[in-house]
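1. Below are the sequence and a predicted model for it; my questions follow.
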Amino acid sequence: MTSRKNISNLFVPEPEFRPGDLPDYSSINLDKEQWPGKPDPLVDAFETEAHATGLVRAMKLNGEVYGEWNPELEPDVLIMGLRNMLLTRIVDKRMFAMQRQGKLSFYMKSIGEEAISVATAMALRDSDMVFPTYRQQGILMTRGWPVLDLMNQCLSNKADRLDGKAIPICYSVRDKGFYSISGNLGTQTIQAVGWAMACAYKGTNDIAATFTGEGATAEGDFHYALNFASTYRAPVIINVVNNQWAISTFQGMAAGQSRSFASRGLGFGLASLRVDGNDFLAVYAAVQWAAQRARNGGGATVIEHFTYRKEGHSTSDDPSAYRPKGEAKIWPFGDPIDRLKEHLIKLGKWSQEQQDALIDELKAHVLETYKKAESLGTLATPTDINPATMFEQVFEDVPTHLRRQRQELGI
Amino acid sequence: MTSRKNISNLFVPEPEFRPGDLPDYSSINLDKEQWPGKPDPLVDAFETEAHATGLVRAMKLNGEVYGEWNPELEPDVLIMGLRNMLLTRIVDKRMFAMQRQGKLSFYMKSIGEEAISVATAMALRDSDMVFPTYRQQGILMTRGWPVLDLMNQCLSNKADRLDGKAIPICYSVRDKGFYSISGNLGTQTIQAVGWAMACAYKGTNDIAATFTGEGATAEGDFHYALNFASTYRAPVIINVVNNQWAISTFQGMAAGQSRSFASRGLGFGLASLRVDGNDFLAVYAAVQWAAQRARNGGGATVIEHFTYRKEGHSTSDDPSAYRPKGEAKIWPFGDPIDRLKEHLIKLGKWSQEQQDALIDELKAHVLETYKKAESLGTLATPTDINPATMFEQVFEDVPTHLRRQRQELGI
Amino acid sequence: MTKDGKKQMNMIEAIRSAMDVKMSQDPDVLVFGEDVGYFGGVFRCTAGLQEKHGLHRCFDTPIAEGGIIGAAVGMGAYGLRPVVEIQFADYIYPAYDQICSEAARLRYRSNGEFTAPLTIRTPVGGGIHGGQTHSQSPEALFTHIAGLKTIIPSNPYDAKGLLIKAIEDNDPVLFLEPKRLYNGPFSGDPHMPARNWSKHELGLVPEGHYTIDFEKARTHRAGTDLTILCYGTMVWVAEAAVEATGVNAEILDLRSLMPLDLEAIVQSVNKTGRCLILHEATRTSGFGAELIAEVQQHCFYALEKPIVRVTGWDTPYPHALEWEYFPGLERCSDAIVRIMED
Amino acid sequence: MTKDGKKQMNMIEAIRSAMDVKMSQDPDVLVFGEDVGYFGGVFRCTAGLQEKHGLHRCFDTPIAEGGIIGAAVGMGAYGLRPVVEIQFADYIYPAYDQICSEAARLRYRSNGEFTAPLTIRTPVGGGIHGGQTHSQSPEALFTHIAGLKTIIPSNPYDAKGLLIKAIEDNDPVLFLEPKRLYNGPFSGDPHMPARNWSKHELGLVPEGHYTIDFEKARTHRAGTDLTILCYGTMVWVAEAAVEATGVNAEILDLRSLMPLDLEAIVQSVNKTGRCLILHEATRTSGFGAELIAEVQQHCFYALEKPIVRVTGWDTPYPHALEWEYFPGLERCSDAIVRIMED
Ligand SMILES: Cc1ncc(C[n+]2csc(CCOP(=O)(O)OP(=O)(O)O)c2C)c(N)n1
Ligand SMILES: Cc1ncc(C[n+]2csc(CCOP(=O)(O)OP(=O)(O)O)c2C)c(N)n1
Ligand SMILES: [Mg+2]
Ligand SMILES: [Mg+2]
């Protein structure tokens, strides 16, 4: 059997570690690195080069703050952040377990990436529209969308606001400034730019924020987004969540030889930051900075959130097939929840006991909510959704041919 | 009537000069600028930043050479370059005039941009496949494709090698290493990367070179090309011909706030050069450098050729509707043919008399060839092309349904 | 030129007038696309709109059809009414995903929370020596997509009324403009003298606001013996062929392919018992197939002859053999004669 | 498991075996796509190929369907035979331009000088609770494109023979894999017990090289009273519906939509006088329309009843109402009963 290596001159990149390997990240010592300082938000985009290839951080792994990026938030704001992240994680775990029991068709967790969605949502205004992927449910938690609504959609039950039209995880919550998630990767990045152009055109002070995985940056839509954002100086934040994996594909397939995903923005004259995505404070500060830039006519910022997808891609995926089992644990950037907790404890505003109590409270809330949702039906029970709704919202009005088809179905 | 300016916060970029304005480029004094030196072709891509935003040059406007990029070509090679450029220009003028007489449906000139195609072709090997747009006919002249063949295709006459299937200017000449031109912008950039990957896979030493206008860099295919070239270290040269205009649209629409088109490559970790596209020597040197890099496993280079589209976009276009009439003349980078001529004269290897004689010779050759082509038919005369050919080459074999359709047409 | 608030317009002017009327009425209408701003579009459909309504309401874009539509979807979701131009329909494919997966599906997947009320204008069809990348008629690639409306006018009067309707519609509308008709009707025979709209009654267009409903075919010519279903350029080829053959045919100009005026079609075919379908597009899986499917279902017992389609061939559009490809006067006339045989 | 060089395979194994056979025979065959390399594809169709044939012959790509096809076109023009996977057909649209404007047209526009002998594999169809972005059946969006072949197998034996044929074909082939059939036939009723290929005779597949010609339908069941035209998953729904209704129907598994085996279709319909068409895709402008167009033309005088199509509705694929959308056993059986009434 041929060994897995290039025997032609065609180079095909591979991740450093595969199953069976013992991943070694000892070369990375985060606390020793020098990280870029915080420039004025209206700085010339080209002066963010160090930020695009370095790493914006505000706290060390042990929760100690350092450098210029500490957003200096009030403790109750930080505790709110902690709460939102915990809630996100607990909901994720519950829904994952329920999928395993056949109550929903599919689920996607954001474990390890909660700081990105939660801190972003907290740094933005509620009137700023976010264009998320399927791993920013933390925004919904932060903006106070009822967990019951989320669960109802995942279970496709009769209380699902979307009448069972969308798969679980593809939420749409306009009144929480949460754009309809597309199953098609990348498409929403340029739509966010269009939305931001509309904000500018209407002269509001709102901005848009879009998210893409690092894998999906390879789609043409990402290129359109960078280009249109640059050309029309759209007030938009283009977030790239680099969690190292795109299903089974390592980030190097999309990155190629580039130094960072953030640096893609520089070629378009966009301010670009690479941020420690497991650092709640840094994410908050970076988004705040970019929002300030956008609201003041400075145009778009690309933010790469450097993080790690701790679990499988979705309920259909087992990552041990393509990466070392222990990698998530030894990933040198820690866990965003633990780090913020440590920071709060260091501040003297929090304790492990409070943390445990909060977790218990949230777990109880989530369990109770889940029970309520399940009582409204699950995918495993016969659907209560009226079949006639299937023909609605294709167009504003149901046209003749769809009425004929509805009749053909006998309803 | 509202004046043409932004009244909302939506920024829409505009060119500096429009019809009626007196364009002023006096701020640009090329001969005073410092231009980047010539690194080793296998240099780290990130060290080409100065080249991506500066301008690679080898000679001044008066033909005097300077700096590190002079390729030091033999005089007869230079004279060959001059000849190829002149031939290209003379063919262009002839075909344009003949389109005005209704002999062909459409034509596109490359006037002012001849150095790019001719020097590229001369710096490459004939076995390197080029993936051109419709403004690199200079490559065909350089590689010795008979002008008669070119004319026959433009006239869609019975000697057209493509049986009248393609529009004029969309040539396909495999035996000259000239890939079939697509009418769809951008598509060939990623195809060139695929070809280059095939070269690497087969272990040949050939490379690919693709061309796109600066306007078409906005297409997703350009993004795919940069990404795949970076990921698989494909031996390819990605040429961006920045001739300032995309039909009526100025380059700033595609560039946005970026410092150059070449700098897009940096974000992908690709070596990137911005070259004075009206400087035959610089184009030659840059392509030679990139080819050396590619052939030695260094992967792809992005080259922006900075030039000016001196005439209309095509025979359907009148540029005085959207840019100042005199702009082409005062464009501060001179004419590629004049500059190479001056250089040769400075070298003592050429004279104005020789130049005039060469022009006369080429004109006579082109006129004679044109007469021959016209005698084989033009678009204005009833076509001699067998209608049955219309059904051929859709597939390798003519399938049943096309045979039925052919019969339906009564042939 | 004005006559009771009407003006003689060619199709370009009628289309421009539609956008002008809507831009004047509604600040949320934005017009953009490649070369549509300062220059006014390669076919001049947007000429003067930037000067009149401002740079930020009619502007150029990067050459990225997917970007144009993607941005328009975002704007539409916000609440604007983008009217975008794709320079040639042949170049719409880079935007296919944004049109089909996004614009057409946004309403459904969000159960009505977000919508994409955009209008996509694009020139279609051949007959101008444009070869395979300036001549395509891709309508059937869009009528298969749930959530998208597809409109194609055949004359200035309809073009303006339908385009205003499209801009006001709350769903995405693909508005196909037969470029061969921009300046005048076309008989399908390139050797016949060119006509223009300047004296044609369908070129007499109200200057102000009016709309034409979708899902309403126009009876271009009433008749009793044969129903010809067509749209765009082929309406005029049908007219010429009917004249040439002297058959008393009814010509229906469908105008709106999705939603389709099936009622008018069925009524006509049930009356005539014969049906001929004309389109420029490639035959296999062209829109003619869909028409046949519906007609045979609803008029099965009335049909005296198989339904016939005269179409472009299943090949790319050849440059030099354009008139062998185009379903012109001769092929259409022959088909009429044949379908009228017993 | 081996029996006369044959082996019981499910469709995934058969497809993998086809690629393995070709990769072993021909070094110019490369396999790539999203997650197809080390991991072996989200449906496991390429599992083991990288390990066996090397990293440079079976590899992952960036998530850029347009890039995958574009690169494959370039490789194909060079002389390689790329076999690429698009993870779900629902995600093929970013590559639509490269498929339709480039792969399909390269041969024509260069008059045969450059060709694009690539194979595009992609899973299609619903029935797996995938909702609107994991269930689509876009075949009709491709059969309209001149220069492209469109193939869709319904069982392991055909899948392997047709895929090898596709890889060897010198034209671009779109190879659609009904994901609901990967593990076994499907009756169209989700409440019936799941079957698998392990004992089915069409799951008995030669281990080596063999091909099945395009443009050849397969008679899945011979019959005299009704012709059912179908492909992919619907072949098995048709079988179940015929069993359920007891009608002596002939089921043609078309397999190759372009080019189409019109001869077999016409022969069957002329014999039975009735024709039912089944497909999962959205109805309007679906491939059923094209079938109806041809059948009504060629079998007009033999037809006793209008041709009926049972299809997916003209809506996106709804997640929760999957079985109301899917043209399942009940709807197909009803249609059979109705078309058999006098
Ligand atoms: C256009 C498109 N192509 C492919 C897919 C299938 N797919 C779903 S998620 C995924 C991986 C995405 O990776 P990344 O962008 O890094 O996001 P992550 O899952 O890591 O958050 C793929 C390939 C898709 N949904 N859409
Ligand atoms: C996909 C696509 N969109 C639009 C067009 C129409 N078009 C032809 S050339 C052109 C301008 C191209 O400008 P640029 O890329 O700068 O090249 P140049 O003409 O300056 O050489 C446009 C918009 C096209 N051919 N293909
Ligand atoms: Mg990822
Ligand atoms: Mg240009």
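-> Cool, got the structure. Ligands and ions are numbered 1, 2, ... in the order given.
2. which bits of the stretch 201-350 of chain A sit near chain D?
-> Remark: the part of the stretch 201-350 of chain A in contact with chain D comprises A:215-216, A:218-221, A:246-249, A:253-254, A:256, A:316, A:321-322, using Cβ under 8 Å from any Cβ of the partner chain. C-betas here are computed from N, CA, C, even on glycine.
3. elements contacting whichever helix or strand C:P123 is part of?
-> Assignment of secondary structure by DSSP states H and E places C:P123 within strand C:119-124. Of the remaining helices and strands, those touching strand C:119-124 by 3 or more Cβ pairs under 8 Å, 6 or more residues apart in numbering or on different chains; DSSP states H and E are strand C:81-85, helix C:156-168, strand C:173-178.
4. Run through who's touching the helix or strand that that strand is followed by.
-> In the C-terminal direction, the helix or strand that comes right after strand C:119-124 (DSSP H and E) is helix C:140-143. With contacts defined as Cβ atoms under 8 Å, 6 or more residues apart in numbering or on different chains, helix C:140-143 is touched by C:96, C:99-100, C:148, C:150, C:174, C:257-258, C:281, C:285-287, C:289-290, D:140-141, D:144, D:284-285.
5. Just the buried subset of the residues of the stretch 201-350 of chain A next to chain D, please.
-> For those, a burial check counting by 16 or more other Cβ atoms under 10 Å in any protein chain shown picks out A:215-216, A:218-221, A:246-249, A:253-254, A:256, A:322.
6. what subset of those residues is also close to chain C?
-> Restricting these to those touching chain C (Cβ under 8 Å from any Cβ) yields A:220-221.
7. where does the chain have low pLDDT?
-> By default, I'm working from chain A. In the prediction, chain A carries residues with pLDDT under 70 at positions A:1-8.
8. Not quite, go with chain C.
-> Where chain C drops to pLDDT under 70, the residues are C:1-3.
9. Swap in 50 and give it another go.
-> By pLDDT under 50, the weakly predicted segments of chain C are C:1.
10. Residue of it nearest ligand 1, please.
-> Per Cβ to the nearest ligand atom, the residue of chain C with the smallest distance to ligand 1 is C:D97, at 7.5 Å.
11. picking that back up, closest to ligand 4 out of the buried ones among the residues of the stretch 201-350 of chain A next to chain D?
-> In terms of Cβ to the ion, no member of these lies closer to ligand 4 than A:G220, at 19.7 Å.
12. show me the contacts for the nearest residue to that closest one once chain neighbours are set aside.
-> What sits nearest to A:G220 in space, not counting adjacent residues and going by Cβ to Cβ, 6 or more residues apart in numbering or on different chains, is B:G220, at 2.1 Å. By Cβ under 8 Å, 6+ apart, the contact set of B:G220 is A:219-221, A:223-224, B:186, C:64, C:66, C:94, D:64, D:66, D:94.
13. Which members of those occur in helices, if any?
-> Filtering the contacts of B:G220 for membership in helices, criterion DSSP state H, returns A:220-221, A:223-224, C:66, D:66.
14. would you list those in CSV and tack on distance to B:W69?
-> Converted to CSV, the ones in helices among the contacts of B:G220 look like this (distance: Cβ to Cβ, whole Å):
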residue, distance to B:W69
A:G220, 34
A:D221, 38
A:H223, 30
A:Y224, 35
C:G66, 37
D:G66, 35
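15. Right, and ligand 2 sits closest to which residue of chain C?
-> Each residue of chain C has a distance to ligand 2, by Cβ to the nearest ligand atom, and the smallest belongs to C:Y91, at 3.6 Å.
16. Just give me the neighbour total for the residue nearest to C:I92 when sequence neighbours are not counted.
-> Leaving aside its sequence neighbours, C:I92 sits nearest to C:I86 (Cβ to Cβ, 6+ apart; 4.8 Å). C:I86: 22 surrounding residues under other Cβ atoms under 10 Å in any protein chain shown.
17. what about residue 325, how many neighbours?
-> By default, I'm working from chain A. As a measure of burial, A:K325 has 11 neighbours, counting by other Cβ under 10 Å.
18. right idea, wrong chain: chain C
-> By other Cβ under 10 Å, neighbour count at C:Y325 equals 24.
19. Isn't it up against C:G127?
-> No. The pair C:Y325 / C:G127 is not scored as a contact, 9.8 Å apart, by Cβ atoms under 8 Å.
20. Tell me who's in contact with the single nearest residue of chain C relative to chain A.
-> Per Cβ to the nearest Cβ, the residue of chain C with the smallest distance to chain A is C:G74, at 2.6 Å. Applying Cβ under 8 Å, 6+ apart to C:G74 gives the contacts A:131, A:190-198, A:208.
21. Just the buried subset of these, please.
-> With neighbours counted by 16+ other Cβ under 10 Å, these contain buried members at A:131, A:190-198, A:208.
22. where does the closest residue in space to A:G269 that isn't next to it in sequence land in three-state SS?
-> The spatial neighbour of A:G269 that comes closest, neighbours along the chain excluded (Cβ to Cβ, 6+ apart), is B:Q257 at 3.1 Å. In three-state terms, and counting by DSSP: H, G, I helix; E, B strand; the rest coil, B:Q257 is coil.
23. cool, the one 4 residues further on as well?
-> Local secondary structure at B:F261 is given as coil here, using three-state DSSP.
24. Next: C:A281.
-> With three-state DSSP as the criterion, C:A281 was assigned strand.
25. Touching, it and C:G126? I think so.
-> No. At 9.9 Å, C:A281 does not count as touching C:G126 under the criterion of Cβ under 8 Å.
26. which residues are common contacts for those two?
-> Here C:A281 and C:G126 share the contacting residues C:136-137, C:312, scored by Cβ under 8 Å, 6+ apart.
27. Take the residues you listed and lay them out in JSON lines including neighbour count and distance to chain B.
-> What follows is these, written out as JSON lines (neighbours: other Cβ atoms under 10 Å in any protein chain shown; distance: Cβ to the nearest Cβ, whole Å):
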{"residue": "C:Q136", "neighbour count": "28", "distance to chain B": "10"}
{"residue": "C:S137", "neighbour count": "27", "distance to chain B": "16"}
{"residue": "C:G312", "neighbour count": "23", "distance to chain B": "10"}
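28. Filtering these by proximity to ligand 4, which remain?
-> Residues shared between the shared contacts of C:A281 and C:G126 and the neighbourhood of ligand 4: none [Cβ under 5 Å from the ion].
29. Looking at the residues you listed, which is nearest C:Y231?
-> For the shared contacts of C:A281 and C:G126, the minimum distance to C:Y231 (Cβ to Cβ) is 9.7 Å, reached by C:S137.
30. Look up phi and psi at the residue nearest to C:A140 when sequence neighbours are not counted.
-> On the basis of Cβ to Cβ, 6+ apart, the spatially nearest residue to C:A140 that is not a chain neighbour turns out to be C:F287, at 4.5 Å. Phi and psi for C:F287, reported as degrees, to the nearest 10, are phi -70, psi -20.
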